[in-house]
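Novice: No letters, just coordinates:
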């Protein structure tokens with residue numbers, strides 16, 4: 001695992017800040033964390049010694065749309081920020097949370113990549129929107145449903161085969177997708193070094209009690225927040 005689970009008065013979380021350049025902070029909240037609204041997370045960041053004046057969010061719609069954080073809230077699935085003392089946040093419960101920062105910490109993005117966003121190559125669109133050299137980026141791919149649990153029908157699998165020829169491993173009797181791996185491959189395709197892509201080896205569906213999973217718990221599933229920001 002990339003990060004140890006830590007606890008706070010609000011609940012368990014992962015601190016990912018050590019993966020990113022100085023001046024950038026990043027966290028993923030886990031199952032049981034109390035409150036993933038921007039106001040709740042603003043309070044959490046203050047408690048962590050990383051106070052911000054604003055946590056940006058979008059109305060996630062399983063799209064390939066990327067917006068500047070200053071345009072939020074709006075319908076989109078990735079935010080690109082630059083301002084000091086601010087953060088960008090997405091929420092997930094099986095979909096892939098992806099956090100990216102430039103080498104100097106001047107640009108950062110939070111991405112929500114479900115199967116539709118992955119198919120639409122939203123992570124590549126977000127990297128291009130950062131308008132900085134991909135070779136100098138650092139990326140974190142967070143907990144998501146793994147191929148062990150994410151079986152799909154032939155129709156959906158076929159759409160991925162058509163979009164990513166040669167990227168999918170041979171399938172067995174029950175086709176499955178590895179959305180984390182597909183997003184990592186997309187990052188390398190646009191020039192992000194493999195050594196700068198950090199993938200969390202946690203399947204949200206398998207990690208009962210630790211991760212939120214809509215596939216496992218349905219409407220009872222909570223949400224995990226992935227957020228990244230720049231120190232003031």
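Specialist: That came in fine, so what should we check first? Predicted, not measured: the structure shown is a model, and the values here were computed from it. Numbers count the residues shown, from 1 in each chain.

Novice: Identify the residue spatially nearest to the spatially most central residue of the chain, adjacent ones excluded.
Specialist: The residue at the geometric middle of the chain, judged as the C-alpha nearest the mean C-alpha position with CA atoms, centre = their mean, is residue 97 (1.5 Å). In space, residue 97 comes closest to residue 226 once its chain neighbours are excluded; the distance is 3.4 Å by CB to CB, 6 or more residues apart in numbering. C-beta coordinates here come from the backbone N, C-alpha and C atoms, glycine included.

Novice: Report pLDDT for the residue nearest to the centre of the chain.
Specialist: Confidence per residue is given as pLDDT, and for residue 97 that number is 98.

Novice: who's in contact with it?
Specialist: With contacts taken as CB atoms under 8 Å, 6 or more residues apart in numbering, residue 97 has the following neighbours: 28, 90, 110, 111, 112, 113, 141, 142, 143, 144, 224, 226.

Novice: One more: residue 48?
Specialist: The contact partners of residue 48, by CB under 8 Å, 6+ apart, come to 8, 15, 25, 27.

Novice: Pick the one among those residues closest to residue 130.
Specialist: When the contacts of residue 48 are compared for distance to residue 130 (CB to CB), residue 25 wins out at 17.5 Å.

Novice: Okay, and the closest one sits in which element?
Specialist: With the criterion set as DSSP states H and E, the secondary-structure element containing residue 25 is strand 24-29.

Novice: Phi and psi next, for residue 96.
Specialist: When quoted as degrees, to the nearest 10, the phi and psi of residue 96 stand at phi -90, psi 120.

Novice: all strands of the protein, in order?
Specialist: 5-8, 11-15, 24-29, 54-56, 66-68, 78-81, 86-92, 96-101, 108-113, 138-141, 197-199, 224-230 (DSSP state E).

Novice: now the residue located most distally from the centre of the chain: how far from residue 155?
Specialist: Seen from the C-alpha centroid of the chain, the residue lying at the greatest distance (CA atoms, centre = their mean) is residue 173, 29.6 Å away. Residue 173 sits 16 Å away from residue 155, taking CB to CB, to the nearest Å as the criterion.
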